[in-house]
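Novice: what follows is a predicted protein model with its sequence.
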Amino acid sequence: MITPEDVRIFLLTLIYAVLGIALLFAGYRIFDWLTPTDLQDDVFKQGNVAVAILTGSFIIGLAIVILGAIHG
């Protein structure tokens, strides 16, 4: 039996997930804007592994910060 409390928890979880993804995407776009080169071009077209590691590390770090901010 689905209770109204279950629906409320599901909707809040969905809102937090969408908010987290939007913040992560915005943070990545700002990071890409602040770097002197196009990150997607460097990683996918030129195969620059160092830029891929840097970008991945930034995304993981930002995800941890967003998790801490949302979780409280």
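Specialist: Great, that's in hand.
Novice: what's the single longest helix in the protein?
Specialist: If you go by DSSP state H, the chain has its longest helix at helix 4-34.
Novice: in terms of secondary structure, what does it contact?
Specialist: Applying 3 or more Cβ pairs under 8 Å, 6 or more residues apart in numbering; DSSP states H and E, we find helix 4-34 packed against helix 39-40, helix 49-71. Quick note: C-beta positions are derived from backbone N, CA and C, even for glycine.
Novice: so for it, mean pLDDT?
Specialist: Averaging pLDDT along helix 4-34 gives 95.
Novice: do you know which of the helices and strands packed on helix 4-34 lies nearest residue 22?
Specialist: helix 49-71 (9.7 Å; Cβ to Cβ).
Novice: name the surrounding residues that touch the closest one.
Specialist: Applying Cβ atoms under 8 Å, 6 or more residues apart in numbering, the external contacts of helix 49-71 come out as 16, 19, 20, 23, 24, 27, 28, 31, 37, 39, 42, 43.
Novice: which strand or helix spans residue 2?
Specialist: Secondary structure from DSSP states H and E places residue 2 outside every helix and strand.
Novice: OK, contacts around the residue most central in space within the chain?
Specialist: Residue closest to the average C-alpha location in the chain (Cα atoms, centre = their mean): residue 24, at 2.6 Å. Shown in contact with residue 24 (Cβ under 8 Å, 6+ apart): 59, 62, 63, 66.
Novice: try it again with 6 Å
Specialist: residue 63 (Cβ atoms under 6 Å, 6 or more residues apart in numbering).
Novice: distance of it from residue 5?
Specialist: Residue 24 is 29 Å from residue 5, where distance means Cβ to Cβ, to the nearest Å.
Novice: out of the helices and strands packed on helix 4-34, nearest to residue 1?
Specialist: When the helices and strands packed on helix 4-34 are compared by Cβ to Cβ, helix 49-71 sits nearest residue 1, at 28.8 Å.
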